[in-house]
Structure formats: structure tokens, C-alpha cells
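pasting the sequence and the predicted coordinates here, then a few questions.
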Amino acid sequence: MNDDLIGITLGHCVIEELLGQGGMARVYRGKQENLDRQVAIKVLPPYYAADPAFVERFKLEARAMAQLSHPNIVIVHDTGEENGRLYIIMEYIGGGTLKDKMAAGMPLREVTRIIREVASALTYAHSRGIVHRDVKPVNVLMDVSGRAVLSDFGIAKVLQTSAALTQSGAGVGTPEYMSPEQCRGSGTVDARADIYALGVMLYEMLTGHTPFEADNYTALAHSHIYEPVPPPSTLNPRVSPAVQSVVMKALEKNPADRFQKATDMAVALEQAVAAQTPVNTATGRQATAPAPVTGRAAVPNGSLSIICPRCLKPNSPYQRFCSTCGEALPQPQQAPSGPYPQQTGSWISCPSCKAPNQAHNRFCTTCGYNLLAGVAGFVCRACGHRNSPGQRFCTSCGQPLRP
């Protein structure tokens, strides 16, 4: 494809190759000849430069972005306007984007690491008053060592203020990753919009799909604002209840119900993933530095049971996950005393970690695996609705379910 920018010089950098193109800009690989280094050059369409007020806002925002110094944020070398073109010269990251990496599939430990690195970058920027507003896999660059580097900080904010957007019909942000408050277009968008987008990105890394998919902005906006998020385990049954709870909290409609810091989400994800590793001895449990137990109840043998913070059901102090709803349980500071409940012939082995579970458990108490995976649910005799396995009452009409 012919490109009239190939070979020209912007800001002492010679443009060599088109790397990518989006709705708002093109990104090129170039060479900064005076320093003899490879750089990435983002060039905005000419109609932005025709708006003097936009140009001024662009320069102010670019200066703010240049102040960010973090190992997981792309370095901004220079910015300016030349021959009617606005441009940003950035660090060149040669390993492609997270979107490219996701296409090949990723192990859970790598998903966790990348979320941690992006969350660290976001929390750093948020602490300095900068909200990204367009967190998505193509804006996460991967270097050759696998480090995740977030790019395009502040671009969406300055684009949002441009009259050129109205003239060109271009949109701000990417609808699949936009928070409900961004979709409404009213009120202040703060750091929690980035946390929602990070949750969408995690959802996609785990399932291969974004929570909502449609071919137009209106349908996507409606889904983000009004429709419940389909649990990721419906698309990937290997997503544990503990990991799923992290995703669902990040994707709450109300910003106040989400994680309030991106690093809080990353820590919760790491704890959820770590909790999936079987721990067979009391010593092993104590070595995991558990969180304080928030609720306990006495049980007949004199020990304490752990009250699930989600469904309020009592659980054995030996359990890591609630046997009723699969929520990760807060662990006692000390190893529980007394013998482990005696196994009987009615106990079943978890298909994932092989730990024993009582027959009535819906989730493995050691690794959180859904013990009902592959089990067919009942069809309601009253209304004909098929219910998921383990449901005792029809989720459509409320009638008791019977085989």
C-alpha cells in the first residue's frame, strides 16, 4: 500500500515503515538519526491540526505524558506539529502487541504477570492524575523479553475535547472495552474506568472473547450499561470460581463496586490463582501467609468453621474455597486444630487436583474446581427452562427442581 509519509522526516526522525493503523492515528517505525536509534512515531490525521485549541491541548497532554517514568509505560521522546501533522515520537517496542500474543493462547501464570504489570502502570499514572481511557490489548506492547508496556496515555482525553471528532464522525475509545460511565457520555470518567477496561482485557485473555460483542456502538453501549456480564466460566469452564470473582468485581456496573486501585485487582487475581494450587498439609497452609478470617462459627467438635463472605455458609477450617458457592475463603492465621473430617465411601475425588470432597460439595474445597462440570442441569417441569447443574429452584419461575 502506498503511504505518502514513508521517507519523510518528522522531528528529526525519518519514517521507514507503517506498523499499524487505527481510527485515530497511524503508527510508524522510524529512525532518529541524530541519536541513531529506532523509534515509534504516532501521526494524527491532518484535520486535528486544523483546530488551534486542540493543538494546544494536545501539547499540554503530551508534556504530561512525557513526565511519566515507569518500566511498564512507553517512553515519550518528543511531540510536535510539522507541515500540518501532529505527531508523537515514542520508544520503539519490537515484540508486537498483547493482541498478537493472545491469538496464540497464554498460560494463566503469564496472564497474571501481564495484568500485574499493566495494573502497576495504571496505578502509577492514576496517582499522577492521568487516566488512560483506552486500555485494550493493542495498546499493550510486548518487548522481546515479554515485558508488557502500556502506550497511548492521555490520548483519548485530548481527542475527546476536539471539535474535529464531531466533524469527522470518529469515536473516542474502543466500545468493547468502554466502561458504562464512558458509554453514557455523562459525568466524570476517573481511574475506575481504566479498571473496568482492564477487567474486559482479563476476560478476553481468559476466554478469547470480550464480554459483549456486537457490530455497532449502540448495541455495545447498551450491553455495558444494562446487561449482566456473562460469567467467563460459561465460555471457558477451566476458569475457577476464585478467578471468576476477580473478573466480575472488575466489571461491576457501578464504579464504587469495582476495585478502587488497579493494583488491588492484580493482587486479588494473584491470590485467586495461587489458591488453585492444592495445599495438603497444615504447614503448607500456614506458609501461604493467609488473610485474617472475617467470620467464624463454632462447630460441634469444638473447632471453628469459616463463614463464607459471599453466601454466609459455614465451611470447615481446612477448606480454601466455599463448598456451596466456590468463593475463596479467608484462611486462619494458625493451622486448624483437630483431625481432618474422616473420609467415607461417599466422598468423591476432584477431577482437577484429586483432593477428596464430600458428595454434596458443588466446588472443590481445595482448588475451587467446579465439581458439577459436565453434569447436566434439570429442566423445570413447570416452565420448561433448563437450569445449570446444582440449582435447587428454577431460575426462571422459582419452582423446586426434581429429577
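Yep, that arrived. Numbering: from 1, shown residues only.

apart from its chain neighbours, what residue comes closest to Gly20?
What sits nearest to Gly20 in space, not counting adjacent residues and going by C-beta to C-beta, 6 or more residues apart in numbering, is Val27, at 4.8 Å. Heads up, the C-betas are built off the backbone N, CA and C, glycines and all.

let me see the contact set for that neighbour.
Contact partners of Val27, counting by C-beta atoms under 8 Å, 6 or more residues apart in numbering, are Leu18, Leu19, Gly20, Gln21, Ala40, Ile41, Lys42, Val43.

Ile115 contacts Val200, doesn't it?
No: applying C-beta atoms under 8 Å as the test, Ile115 and Val200 come out as separate, 11.8 Å apart.

the residue nearest to Gly20 bridge partners, please.
Beta bridges link Val27 to Gly20, Lys42 when assigned by DSSP bridges.

same thing with Asn315?
Under the criterion DSSP bridges, Asn315 forms beta bridges with Ile306.

any idea how far it is from Gln271?
Applying C-beta to C-beta, to the nearest Å, the value for Asn315 to Gln271 is 17 Å.

compare neighbour counts for those two and give me the winner.
More crowded of Asn315 and Gln271, by other C-beta atoms under 10 Å: Asn315, with 22 against 17.

if I pick the more buried one, what's in contact with it?
With contact set as C-beta under 8 Å, 6+ apart, Asn315 has these partners: Ser305, Ile306, Ile307, Cys308, Cys322, Ser323, Thr324, Leu329, Thr365.

re earlier: can you lay out the contacts of Val27 as a markdown table showing pLDDT?
Listed next are those as a markdown table, based on pLDDT from 0 to 100:
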| residue | pLDDT |
| --- | --- |
| Leu18 | 91 |
| Leu19 | 88 |
| Gly20 | 83 |
| Gln21 | 80 |
| Ala40 | 92 |
| Ile41 | 92 |
| Lys42 | 88 |
| Val43 | 88 |
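
what subset of those residues is buried?
Leu19, Ala40, Ile41, Lys42, Val43 (16 or more other C-beta atoms under 10 Å).

I figured the second one hits Lys31, correct?
Read it as Ala40. No: the criterion here is C-beta under 8 Å, and Ala40 misses it with Lys31 at 11.0 Å.

mutual contacts of the two, please.
The overlap between the contact sets of Ala40 and Lys31 (C-beta under 8 Å, 6+ apart) is empty.

just the helices from the stretch 301-403 of the chain, written as ranges.
With DSSP state H, counting those that start in this stretch as the criterion, the stretch 301-403 of the chain has no helices.

what about the strands in it?
304-307, 314-315, 348-349, 356-357 (DSSP state E, counting those that start in this stretch).

tell me the pLDDT at His209?
On pLDDT, His209 comes in at 93.

can you confirm it is in a helix?
No: His209 is assigned coil when assessed by DSSP: H, G, I helix; E, B strand; the rest coil, not a helix.

tell me the mean pLDDT over the longest helix along the chain?
When the chain is parsed with DSSP state H, its longest helix is helix 108-127. In this model, helix 108-127 has a mean pLDDT of 95.

nearest to Ala62 among the contacts of Asn315?
Leu329 (47.7 Å; C-beta to C-beta).

leaving out sequence neighbours, find the closest residue to the closest one.
Distance criterion C-beta to C-beta, 6+ apart; nearest residue to Leu329, sequence neighbours excluded, is Ile306 at 5.1 Å.

picking that back up, now the contacts of Val27 as TSV including distance to Gln244?
Shown next, in TSV, are the contacts of Val27 (distance: C-beta to C-beta, whole Å):
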residue	distance to Gln244
Leu18	39
Leu19	35
Gly20	32
Gln21	35
Ala40	36
Ile41	41
Lys42	36
Val43	41
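
closest to Leu108 among those?
Taking those together and measuring to Leu108 by C-beta to C-beta, the closest member is Gly20, at 27.8 Å.

OK, contacts around the residue nearest to Asp257 when sequence neighbours are not counted?
Nearest residue to Asp257, sequence neighbours excluded (C-beta to C-beta, 6+ apart): Lys249, at 7.3 Å. Counting by C-beta under 8 Å, 6+ apart, Lys249 makes contact with Gly199, Asp257, Arg258, Phe259, Met265, Ala268.

can you say which of the residues you listed are buried?
Here, 16+ other C-beta under 10 Å leaves Gly199, Arg258, Phe259, Met265, Ala268 buried among these.

take the residues you listed and keep only those in strands.
Under the assignment DSSP state E, the buried ones among the contacts of Lys249 contribute nothing to strands.

so what secondary structure elements neighbour the longest helix of the chain?
strand 148-150, helix 191-207, helix 262-274 (3 or more C-beta pairs under 8 Å, 6 or more residues apart in numbering; DSSP states H and E).

for stretch 367-384, give the mean pLDDT please.
71.

end-to-end on that stretch?
Using C-alpha to C-alpha, to the nearest Å, the end-to-end distance of stretch 367-384 comes to 34 Å.

quick one, strands of the stretch 151-300 of the chain?
In the stretch 151-300 of the chain, the segments counted as strands under DSSP E, counting those that start in this stretch are 296-298.

name the spans of it whose pLDDT lies under the cut-off.
154-173, 186-187, 276-300 (pLDDT under 70).

run through the helices of it in chain order.
Using DSSP H, counting those that start in this stretch, the helices found in the stretch 151-300 of the chain span residues 155-160, 163-168, 180-184, 191-207, 217-226, 241-250, 262-274, 282-286.

and of those helices, who's closest to His126?
Among these, helix 191-207 comes nearest to His126, with 4.0 Å by C-beta to C-beta.
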